[in-house]
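Student: Kindly return the folded structure for what I paste below:
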Amino acid sequence: MSDEVTCWLAQTALPLNFLTAGESTADLQPLKKVLDGVRIVGLGEATHGTREFFQLKHRLLEFLVTELGFSALAMEASASAAPDVDAYVRHGVGDAAQVLDGLGFWTWRTHEVLAMIEWMRDYNRGRQEDRKVRFIGIDPQQCSSSLAVIDSFLHRTAPDRATGLLSPLRVLATAYPGSRPDPQRRLVLDAEEVLAYLRKLGPDAADALRHAQVLVRAADLVTRARHHADPEQTVFAARDRYMADAVGTILEDPSAKVALWAHNGHITKSRHGGAVPALGQHLHSRYGDAYYALGLLFGSGAFRARRIWPGPWSRPRSSAAVTNRIGPARPGTIEAQLATANPGNHLVDLRSAVDAPRAVQAWLNGRHGTRTFGAMVPRWTYRFNLSPSSLAEEYDGLAYIAVSSGSRPLRIS
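Tutor: Residues are numbered from 1 along each chain as shown. Below you'll find the model as predicted:
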């Protein structure tokens with residue numbers, strides 16, 4: 001890497017004085033100019049189990065809401081169960097830990113995410129309804145709540161139809177995307193039958209109807225193949241498209257501004273893995289520079305994830321999340337370059353590179369290795385995994401966290 005690149009990164013960096021919410025926002029003030037005209041800020045993460053990522057995203061959400069007028073948090077979390085979280089943050093209904101647990105994602109069942117949910121509740125307390133910040137799940141996975149809502153509605157209004165309509169769909173409560181590939185899409189047809197029936201019942205079925213739409217999307221994901229000659233027909237492409245559509249629904253309100261919480265692989269403006277159009281690519285295509293993709297990277301430390309055993313006997317979804325340790329990034333990686341230029345926690349606005357020297361432009365447009373870990377990692381070899389990334393294509397900004405530690409799991413009684 002050239003000295004010009006290192007110098008530009010060092011001069012452009014916005015040091016982060018704090019990672020936790022509730023502190024002075026003096027260090028974040030330059031973001032007001034950076035985010036002028038932006039309606040969606042994608043808050044990424046290189047792992048689903050880094051405490052500091054979650055803390056920083058909580059802090060950035062607080063800043064976006066209190067100083068830039070953002071009105072919603074859209075999260076890579078169950079669209080089915082999220083209304084219970086929204087009811088808590090807006091009206092204090094239920095228990096914070098219980099509604100968080102109801103999302104069904106172990107990745108979010110942490111003290112850090114709970115603290116953010118409780119901050120949202122505190123912020124909303126006493127405010128007018130149209131000034132409250134909302135919580136919205138955008139992922140069609142984990143739809144047992146939708147099954148329960150529709151079941152209750154049908155038993156009240158059409159008990160003779162409830163069992164017949166919902167029996168084929170019960171599997172959606174536990175099935176995950178790509179787990180039941182079916183070219184005939186029978187589950188989708190069954191879900192569409194429920195949707196068509198509810199549409200005939202008028203405005204009283206509005207809530208059940210919304211949940212039925214979730215079931216149709218969930219059924220589509222469950223029955224899609226993980227691999228296909230056309231990558232856009234895979235379950236991965238459909239999932240990101242549905243999540244983008246969910247964000248688009250929020251933005252139908254012209255006053256809405258959305259903080260979007262998802263993995264770096266989803267918030268990127270490019271194609272995830274080089275093939276599948278990512279959530280962020282859909283948003284960038286639809287909204288242009290009104291979408292800002294902020295990737296979160298780290299230097300060294302640890303993170304939580306489930307480990308995959310090699311071989312066909314692997315059952316990663318039933319394994320426990322454990323702490324995975326990792327040393328400093330290898331030379332030549334994006335993380336190593338960021339650490340060389342500024343070893344502390346900081347932000348870099350890549351949109352400001354429009355006037356940067358040619359060497360910087362070439363580096364941003366080149367492809368370099370970067371770390372990316374999801375909810376599962378391969379046992380033993382995860383430390384060596386790198387994905388090629390072109391910063392100019394994928395992100396508008398980066399946040400670098402020098403040391404990562406594992407998120408703290410929340411024990412639900």
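Student: For the rest of this, base every contact and every neighbour count on C-alpha atoms.
Tutor: Will do.
Student: quick one: low-confidence ranges for this protein?
Tutor: Applying pLDDT under 70 to the chain flags the ranges 1, 273-274, 310-318, 413.
Student: residue ranges of the strands in it, please?
Tutor: 14-15, 40-43, 72-78, 134-139, 258-261, 271-272, 276-277, 291-308, 321-326, 346-349, 368-370, 376-378, 387-389, 397-404 (DSSP state E).
Student: hey, which of the ones you listed is tucked in deepest?
Tutor: With neighbours defined as mean count of other C-alpha atoms under 10 Å, the strands of the chain peak in mean count at strand 40-43, which reaches a mean of 28.
Student: The strands of the chain into TSV, with extra columns for distance to residue 236?
Tutor: Formatted as TSV, these follow (distance: least, C-alpha to C-alpha, whole Å):
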stretch	distance to residue 236
strand 14-15	34
strand 40-43	18
strand 72-78	13
strand 134-139	12
strand 258-261	17
strand 271-272	9
strand 276-277	7
strand 291-308	19
strand 321-326	22
strand 346-349	29
strand 368-370	21
strand 376-378	16
strand 387-389	17
strand 397-404	24
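Student: who's in contact with residue 209?
Tutor: 195, 198, 199 (C-alpha atoms under 8 Å, 6 or more residues apart in numbering).
Student: so the last one makes contact with residue 205?
Tutor: Yes: judged on C-alpha atoms under 8 Å, residue 199 makes contact with residue 205 at a distance of 7.4 Å.
Student: I'd like to know which of the contacts of residue 209 are part of helices.
Tutor: Within those, residues falling in helices by DSSP state H are 195, 198, 199.
Student: Can you tell me which of those is closest to residue 326?
Tutor: When the ones in helices among the contacts of residue 209 are ranked by distance to residue 326 (C-alpha to C-alpha), residue 195 comes first, at 47.4 Å.
Student: how close does the closest one get to residue 216?
Tutor: Between residue 195 and residue 216 the distance is 8 Å, computed by C-alpha to C-alpha, to the nearest Å.
Student: again, but for residue 154
Tutor: Taken as C-alpha to C-alpha, the span from residue 154 to residue 216 is 17 Å.
Student: rewinding a little: any chance of the contacts of residue 209 in JSON lines, plus distance to residue 251 and neighbour count?
Tutor: Output for these, formatted as JSON lines (distance: C-alpha to C-alpha, whole Å; neighbours: other C-alpha atoms under 10 Å):
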{"residue": "195", "distance to residue 251": "24", "neighbour count": "21"}
{"residue": "198", "distance to residue 251": "26", "neighbour count": "22"}
{"residue": "199", "distance to residue 251": "24", "neighbour count": "16"}
